[in-house]
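Participant: would you be able to build a 3D model of this:
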Amino acid sequence: MNPDLQALLDKAKDSLGAARSLIRDGYFDFAASRAYYAMFYVAGALLANLGQSYNKHAGVISAFGREYAKSGRLDPKFHRWLIDAQDFRNIGDYGIEASVSDDQANLVCEWAREFIEAAEGLLGEDS
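Facilitator: The predicted structure follows:
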């Protein structure tokens, strides 16, 4: 695997590890945000594998949907999860009256774990 792609996947794993630590310490809002970033790094690695790069979250999410969900390269659930994880991240980072629950933070971590595994499988096949 290309070292740049591996670096993004490593960053995703680190972000997921940080999310799990934050959950253990009771910081569910921030855990959801870190788990979203794990997924964001994965999507970025997958797009970089196609020679694509985007500066905005919306661009990454949209391109991931087009290139991987709609094309059938990956299960479309990953695109849905990426969108939903961004919603939890927005609540966690910017919500004043709303917050992310323990269950929601754990769910986003599970999505991130599955996304990382799927990406490693796909990128491993491409090498």
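Participant: in this protein, which residue is closest to the centre?
Facilitator: When Cα atoms, centre = their mean is applied to the chain, the residue found nearest the centroid is Met39 (0.7 Å).
Participant: secondary structure element for the residue located most distally from the centre of the chain?
Facilitator: Computed with Cα atoms, centre = their mean, the residue of the chain farthest from its C-alpha average is Glu97, at 24.7 Å. Secondary structure assignment for Glu97, by DSSP states H and E: no helix or strand.
Participant: I'd like the distance between it and Met39.
Facilitator: According to Cβ to Cβ, to the nearest Å, Glu97 stands 25 Å off from Met39. C-betas here are computed from N, CA, C, even on glycine.
Participant: show me which residues of stretch 108-125 are buried.
Facilitator: 108-109, 111-113, 115-116, 118-120, 123 (16 or more other Cβ atoms under 10 Å).
Participant: of those, which is the nearest to His79?
Facilitator: Phe115 (10.1 Å; Cβ to Cβ).
Participant: which residues are contacting the helix or strand hosting Arg20?
Facilitator: If you go by DSSP H and E, Arg20 is part of helix 3-24. With contact meaning Cβ atoms under 8 Å, 6 or more residues apart in numbering, helix 3-24 is reached by 1, 28, 30-35, 37-39, 41-42, 44-45, 48-49, 102, 105-106, 108-109, 112-113, 115-116, 119-120, 123.
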